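In: Provided below for reference: sequence and predicted model.
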Amino acid sequence: MLTLVVLGIVIALIFDFINGFHDAANSIATVVSTRVLSPMQAVIWAALFNFIAAFGFGVSVATTIGKGVVRPEAINEYVIMAGLVGAIVWDLITWYYGIPSSSSHALIGGLAGAAIVNAGISALIPAGIYRILLFIVLSPLLGLVLGFGIMVVVIRVFWRFRPSRVDRWFRRLQLVSAALYSLGHGTNDAQKTMGIMAGLLFSAGYLGKEFYVPIWVILSAHAAISLGTLAGGWRIVKTMGMRLTKLKPVGGFCAETAGAVTLIGTAIAGIPVSTTHTITGAISGVGATQRISAVRWGVARQIVWAWVLTIPLSAAIAAAAFALIKVYLLF
């Protein structure tokens with residue numbers, strides 16, 4: 001039992017590392033594309049604030065993942081390991097092709113797929129699933145509306161100033177907005193892995209009768225996602241920061257600020273949203289203030305298709321992984 005729990009935790013931390021690697025683009029794409037920071041400076045900046053996020057935003061999202069998506073009695077070590085395999089495989093596929101899909105929804109899909117094979121459709125908690133599905137739509141819309149609104153306000157306030165002066169100011173301010181976005185990314189995404197790790201410990205009886213997230217789980221999850229961010233994900237940076245729309249420092253600041261507000265707000269509310277969905281919506285909203293055609297909607301359409309497919313395909317991969325585990329390990 002202990003060996004399986006340790007193995008599950010190791011796989012969860014590997015997923016967290018890949019999550020940081022895969023989603024590094026979310027934190028750094030805008031600040032790199034506007035040339036405020038070099039790629040290496042940007043990943044160090046993002047990784048630092050990914051880790052600092054461990055100390056300020058609670059564990060509401062971790063609790064939702066740990067006991068709000070799949071019924072605790074349907075979870076065991078094999079379900080969690082198969083769910084993580086589904087999420088990891090999907091993340092690597094989308095990273096290879098430069099598609100900014102959601103690591104969060106890959107994890108949720110993987111966990112759900114493995115649980116259904118183990119205990120049937122009744123293993124899922126409908127209210128938790130519905131809320132996650134709702135925010136697949138709402139999180140990019142919130143990012144888009146906030147990005148558009150913040151950009152409009154900034155244009156109205158600074159329209160009399162010389163472009164060079166505005167550019168100089170917002171190059172500095174973008175360091176702040178990038179840090180805030182990385183805080184939001186760190187607290188939302190690291191908590192999802194915390195929820196998996198704590199769920200594994202709880203199902204194995206190591207947390208007692210009450211579900212909680214130990215401090216070592218919090219610190220290790222943030223350390224893993226920070227190290228993953230340091231490793232970078234340059235294929236997706238190109239898509240997010242250069243192909244979707246052209247950004248200047250003022251646009252980067254508005255997109256990152258919109259994303260940070262959305263992510264930190266949903267994290268405090270305990271809603272596991274996709275950082276990828278959020279920043280894509282925010283970048284599109286900023287681009288649309290120039291003109292609708294400034295956003296490359298063909299690229300955006302490809303990204304949306306990846307969003308639609310992430311949960312079912314990661315669930316299918318996890319279901320297959322759990323079936324193999326049943327054949328080779330359980331029987």
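Out: Everything's here; your move.
In: From here on, just use CA atoms for contacts and neighbour counts.
Out: Noted.
In: show me where the chain has helices.
Out: Taking DSSP state H as the criterion, the chain carries its helices at 2-33, 39-52, 60-67, 77-96, 103-119, 126-158, 163-203, 215-231, 234-238, 249-268, 275-288, 297-325.
In: Give the buried residues for the first one.
Out: With burial defined by 16 or more other Cα atoms under 10 Å, the residues of helix 2-33 counted as buried are 5, 8-9, 11-33.
In: returning to what we had before: possible to save the helices of the chain as CSV with mean pLDDT and distance to Lys209?
Out: Output for these, formatted as CSV (pLDDT from 0 to 100; distance: least, Cα to Cα, whole Å):
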stretch, mean pLDDT, distance to Lys209
helix 2-33, 80, 17
helix 39-52, 84, 29
helix 60-67, 79, 13
helix 77-96, 88, 18
helix 103-119, 90, 22
helix 126-158, 88, 22
helix 163-203, 86, 8
helix 215-231, 89, 18
helix 234-238, 52, 42
helix 249-268, 89, 25
helix 275-288, 82, 32
helix 297-325, 80, 27
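In: Looks like Ala42 contacts Ile28 (just checking).
Out: Yes - contact criterion Cα atoms under 8 Å: Ala42 and Ile28 qualify, at 5.8 Å.
In: So which residues make contact with stretch 222-230?
Out: Contacts made with stretch 222-230 from outside it, assessed by Cα atoms under 8 Å, 6 or more residues apart in numbering, are listed as 13-14, 16-24, 43-44, 46-48, 50-51, 53-54, 186, 190.
In: ok, now stretch 106-119?
Out: Counting by Cα under 8 Å, 6+ apart, 65, 69-70, 74-75, 79-80, 82-88, 90-91, 121-124, 310-319, 321-323 sit against stretch 106-119.
In: Narrow those to those that are buried.
Out: Here, 16+ other Cα under 10 Å leaves 65, 69-70, 74-75, 79-80, 82-88, 90-91, 123-124, 310-319, 321-323 buried among the contacts of stretch 106-119.
In: tell me the contacts of Lys192?
Out: Contacts of Lys192 (Cα under 8 Å, 6+ apart): 61-62, 65, 104, 272.
In: Adding distance to Leu133, write those out as a markdown table.
Out: A markdown table is the format used below for the contacts of Lys192 (distance: Cα to Cα, whole Å):
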| residue | distance to Leu133 |
| --- | --- |
| Val61 | 15 |
| Ala62 | 17 |
| Ile65 | 14 |
| Ser104 | 12 |
| Pro272 | 10 |
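In: Out of those, who's the most crowded?
Out: Counting neighbours by other Cα atoms under 10 Å, Ala62 leads these with 30 neighbours.
In: so it sits right up against Met197, yeah?
Out: No - applying Cα under 8 Å as the test, Ala62 and Met197 come out as separate, 9.1 Å apart.
In: any idea how far Val261 is from Ile18?
Out: According to Cα to Cα, to the nearest Å, Ile18 stands 24 Å off from Val261.
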